[in-house]
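Trainee: The following comprises the amino acid sequence and a computationally predicted model.
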Amino acid sequence: MKDRLFCKVLENIEIASNIYKIEIEKVEMLQNIKAGQFLNIKCDDALLLRRPISISYVETDRIGLVIRKSGKGTVVLCNKRKGEMLDVLGPLGNGFTIDEKEQRVIVIGGGIGTAPLLELVKRLEGKDVTVLLGYKTEPYLVNEFEEYVRDVKVATEDGSFGHKGYVTELFIEAIKENSAEMVYACGPEIMLKEVQRICSKYEVKSQISIEERMACGVGACLVCTCKVKAEEKGVKYVRTCKDGPVFSGEEVIFHD
């Protein structure tokens, strides 16, 4: 069981409509973070369950979280002020794996699923990286990705920025041109299913970060189970919070 940590809020700014970037102090117990891991954060005493929030980026003295204000818990978190303390558990989960032999990679994110990919891109330095970001309308974090990668493409469903359409349309073009050895993806299930299909067609390996509702964050309650392939054409259920949220794209069985 991870220890409870108390981290001071260093900054909280709205970077797009209902999207907030919150920076918290990087206390000693948060030194060894893998890209793709998350924190389980207590919102307030009135809300029983913590909220799982992906770690977007890590700096020397701080950790960046990017949160979409949607339900009661995230509303509380997005209203936190500089100097307030957050009660967190973490880092939790299984993050992305980087293979030094794989030099050509594609990173694809959709919506709030773009956030945990920023730290991954930082750690892919020296590789040939293509970043694809998809949003319904207003994009965010684009400039931050461009600090680390030259090849960043954006799709918006309403055409307000970049390619008009779905980010998976850009992905099909990129995977044909890039001869990618690995694809990293995070976003809504409908996007991940299409990424999985395309990777299978072009025989490219992938790692995908699954978005599931969580409760305990440490694998005890079994709320966040995910179906994956098992040996001899079988299936099994694993815990997204403990065994994931990152899985091999080939093993995940999505809902019909």
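Mentor: Perfect, thanks for sending it.

Trainee: next one: the lowest-mean-pLDDT helix or strand in the chain to chain centre, how far?
Mentor: Lowest by mean pLDDT, DSSP states H and E among the helices and strands of the chain is helix 240-243, with a mean of 80. Mean-position distance between helix 240-243 and its chain equals 14 Å (CA atoms, centre = their mean, to the nearest Å).

Trainee: can you check stretch 225-237 too?
Mentor: Here the centre of stretch 225-237 is set off from its chain's centre by 23 Å, with CA atoms, centre = their mean.

Trainee: Could you do stretch 142-156 as well?
Mentor: 16 Å.

Trainee: Straight-line length of that stretch, end to end?
Mentor: Terminal residues of stretch 142-156 lie 12 Å apart, using CA to CA, to the nearest Å.

Trainee: what does stretch 35-53 give?
Mentor: End-to-end distance (CA to CA), stretch 35-53: 13 Å.

Trainee: What of stretch 237-254?
Mentor: End to end - CA to CA - stretch 237-254 spans 12 Å.

Trainee: Contacts made by that stretch with the rest, please.
Mentor: Stretch 237-254 has contacts (CB atoms under 8 Å, 6 or more residues apart in numbering) with 36, 38, 52, 92-97, 183, 185, 189, 192-193, 195-196, 199-200, 205-212, 214, 216-219, 222, 224-229, 235. All C-beta spots, glycine's among them, are computed from the backbone N, C-alpha and C.

Trainee: Filter those residues down to just the buried residues.
Mentor: 36, 38, 52, 92-96, 183, 185, 192-193, 195-196, 199, 206-211, 214, 216-219, 224-226, 228 (16 or more other CB atoms under 10 Å).

Trainee: Which members of the residues you listed are positioned in strands?
Mentor: Counting by DSSP state E, the part of the buried ones among the contacts of stretch 237-254 found in strands is 38, 52, 92, 183, 185, 206, 207, 208, 209, 225, 226, 228.

Trainee: Between the residues you listed, which sits nearest residue 158?
Mentor: Nearest to residue 158, judged by CB to CB, of those is residue 185 at 22.1 Å.

Trainee: before we move on, back to that, as TSV, the ones in strands among the buried ones among the contacts of stretch 237-254 with pLDDT and distance to residue 84 would be great.
Mentor: As requested, these are exported to TSV (pLDDT from 0 to 100; distance: CB to CB, whole Å):
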residue	pLDDT	distance to residue 84
38	95	20
52	93	20
92	93	22
183	98	38
185	98	33
206	98	38
207	98	34
208	98	34
209	96	28
225	80	34
226	82	33
228	89	39
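
Trainee: Could you count how many residues lie near residue 42?
Mentor: 19 (other CB atoms under 10 Å).

Trainee: Give the full set of residues in contact with it.
Mentor: Taking CB under 8 Å, 6+ apart, we find residue 42 in contact with 50, 86, 87, 88.

Trainee: Quick one: the helices in the stretch 1-150 of the chain, in order.
Mentor: Taking DSSP state H, counting those that start in this stretch as the criterion, the stretch 1-150 of the chain contains helices spanning 72-78, 117-123, 142-146.

Trainee: same for the top strand by length along the chain, what does it pack against?
Mentor: In the chain, with assignment by DSSP E, the single longest strand is strand 4-16. Where contact means 3 or more CB pairs under 8 Å, 6 or more residues apart in numbering; DSSP states H and E, strand 4-16 is packed against strand 19-25, strand 62-68, strand 85-92.

Trainee: List just the one of these that sits closest to residue 125.
Mentor: Across the helices and strands packed on strand 4-16, residue 125 has its closest neighbour in strand 62-68 (17.6 Å, CB to CB).
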